[in-house]
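> output the structure for:
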Amino acid sequence: MDYQKLEEGIEKAPLASRPALERLLLYVSAGPGVSPDYAPYLEGAASYHDFFNAVYTDDAQKGTSVWAGWAALKRKSWIGRFEPDLAVENLRLKGDGLPMQFGTGLFLAPTGSRDNIANLYVFQRGAFNVEAAEFVTSIGGTFSCAGYDFAGIYGVYKYRGSVILEQWEAERAPVPTKKG
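Now for the predicted structure:
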């Protein structure tokens, strides 16, 4: 496949996905063709779908905007491609979000899903592609969530039924909440 066929394929894509595909095309373009970094993926592709899937399957690309854009557009399950410091899965929710307790205050972190089951993942700063998730807010101080106590500053993201905390500045690693 050549760059012109890639452009033509994107022009014929469904209207709903065309703006996102055009943005992805800008990411991989250099002048009147594809960037040398992405040329190997274009050589074996028969369609724009094959091209972007090839980029997505390459772990060397999982930190790029192209990878994140394709993951978002195709609703890929990408959490398993990264190594969290902490994963708490299949948490039953009683409300409209994952509760984070701050002393007497409560923050319900949205999960990006209407399901009553959620997951919590904690990553070091830069340990996952933040462009693939939706940033919600940042939180700082001491708080409890999903049976763990946290102390520090975290970015809060949502992604397909999951809350992701990115450790920006941690006073200590999360520790299990003491029962008492």
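
> quick one: contacts of the helix or strand that contains Asp50?
Following DSSP states H and E, one finds Asp50 within helix 48-57. Here helix 48-57 makes contact (CB atoms under 8 Å, 6 or more residues apart in numbering) with 1, 6, 9-10, 13, 21, 24, 28, 38, 41-42, 44-45, 61, 64, 66-67, 70-71, 74, 76. All C-beta spots, glycine's among them, are computed from the backbone N, C-alpha and C.

> how about stretch 73-84?
Residues from elsewhere that reach stretch 73-84 (CB under 8 Å, 6+ apart): 17, 20-21, 24, 56, 59, 62, 70-71, 119, 121-123, 127-129, 132, 159-160, 162.

> among those residues, name the buried ones.
20-21, 24, 56, 62, 70-71, 119, 121-123, 128-129, 132, 159-160, 162 (16 or more other CB atoms under 10 Å).

> helices - which of those land there?
Among the buried ones among the contacts of stretch 73-84, the ones falling in helices (DSSP state H) are 20-21, 24, 56, 70-71.

> which among the residues you listed gets closest to Leu106?
Nearest to Leu106 among those: Ala71, at 31.2 Å, using CB to CB.

> hang on, the closest one packs against Val130?
No - contact between Ala71 and Val130 fails when scored by CB atoms under 8 Å: they sit 11.9 Å apart.

> now a ChimeraX select for only the buried ones of the contacts of helix 48-57.
Buried members of the contacts of helix 48-57, defined by 16+ other CB under 10 Å, are picked up in ChimeraX with:
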select :1,6,9,10,13,21,24,28,38,41,42,45,61,64,66,67,70,71,76
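
> contacts for the longest strand anywhere in the chain next, please.
Ranked by residue count under DSSP state E, the longest strand found in the chain is strand 162-176. Contact partners of strand 162-176, identified using CB under 8 Å, 6+ apart, comprise 79, 85-86, 97-98, 109-112, 118-125, 127-128, 130, 133, 138, 140, 145, 147-158.

> pull out the buried residues from that strand.
Those would be 162-167, 170, 174, for strand 162-176 by 16+ other CB under 10 Å.

> most widely separated two among those?
Ser162 and Ala170 (19.7 Å).

> ranges for the strands of this protein?
With DSSP E as the criterion, the chain has strands spanning 29-30, 33-34, 86-92, 98-102, 105-109, 117-124, 134-145, 148-159, 162-176.

> just put the ones you listed in CSV and tack on distance to His49 and mean pLDDT.
Below are the strands of the chain laid out as CSV (distance: least, CB to CB, whole Å; pLDDT from 0 to 100):
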stretch, distance to His49, mean pLDDT
strand 29-30, 18, 94
strand 33-34, 16, 93
strand 86-92, 30, 96
strand 98-102, 34, 94
strand 105-109, 34, 92
strand 117-124, 28, 96
strand 134-145, 24, 96
strand 148-159, 22, 97
strand 162-176, 26, 96
